[in-house]
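*Asks:* got a sequence here, can you model it:
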Amino acid sequence: MRNVMKTVATAAFGLLFVAGHVFAAQPTVELKECKNNTCERFRVGMYRVKDTVTMNLLVEKEKGERLSIRLMDQKGKVLMEDITPRQIEKFGRKLNFSEIQDGVYTLEVADGTEKVVKSIYLSTNEVREVNRTLLGVN
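*Replies:* Now for the predicted structure:
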């Protein structure tokens, strides 16, 4: 009976050991970052609305594809996340920064293989009462 228990325990340990290596060996999928709108399947444009702290985000993509749009703060916390519908080719979203604190924010637009990352700098001008500056950068 002891030999059977030892054999079962050894087999269980061996399975756990092999399973741990299999799960640890799986690579994480790293998305290719596109610079200057060089993605093959979608394009991204960002434009500030004059005299406001609102930005227009425009995305043009292939029909049938789905894109993930995420706005993150400096710590990587997701503030806004949206998925574009597959049936449309052009998508627009207004990003209102009026109630968000000053700082550096990251906008990431991605499909399964490529991504566009844009930095957004938001700062308050202390000279005037409520004048804020919003700047989007590739």
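
*Asks:* all strands of the chain, in order?
*Replies:* Secondary structure of the chain (DSSP state E): strands at 32-33, 42-48, 54-61, 68-72, 78-83, 90-96, 103-110, 114-125, 131-137.

*Asks:* now the weakest link among the ones you listed, please, by mean pLDDT.
*Replies:* Per-segment mean pLDDT for the strands of the chain reaches its minimum on strand 131-137, at a mean of 65.

*Asks:* need the strands of the chain in CSV (columns: mean neighbour count).
*Replies:* In this view, the C-beta of every residue, glycine as well, is placed from N, C-alpha and C. Below are these laid out as CSV (neighbours: other Cβ atoms under 10 Å):
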stretch, mean neighbour count
strand 32-33, 12
strand 42-48, 17
strand 54-61, 17
strand 68-72, 18
strand 78-83, 12
strand 90-96, 14
strand 103-110, 18
strand 114-125, 16
strand 131-137, 14
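
*Asks:* list the contacts for Met72?
*Replies:* Val78, Leu79, Tyr105, Thr106, Leu107, Glu108 (Cβ atoms under 8 Å, 6 or more residues apart in numbering).

*Asks:* so how far is Leu67 from the spatially closest residue to Met46 that is not a sequence neighbour?
*Replies:* Excluding its sequence neighbours, the residue lying closest to Met46 (Cβ to Cβ, 6 or more residues apart in numbering) is Gly136, at 4.6 Å. Note on Gly136: its distance to Leu67, by Cβ to Cβ, to the nearest Å, is 18 Å.
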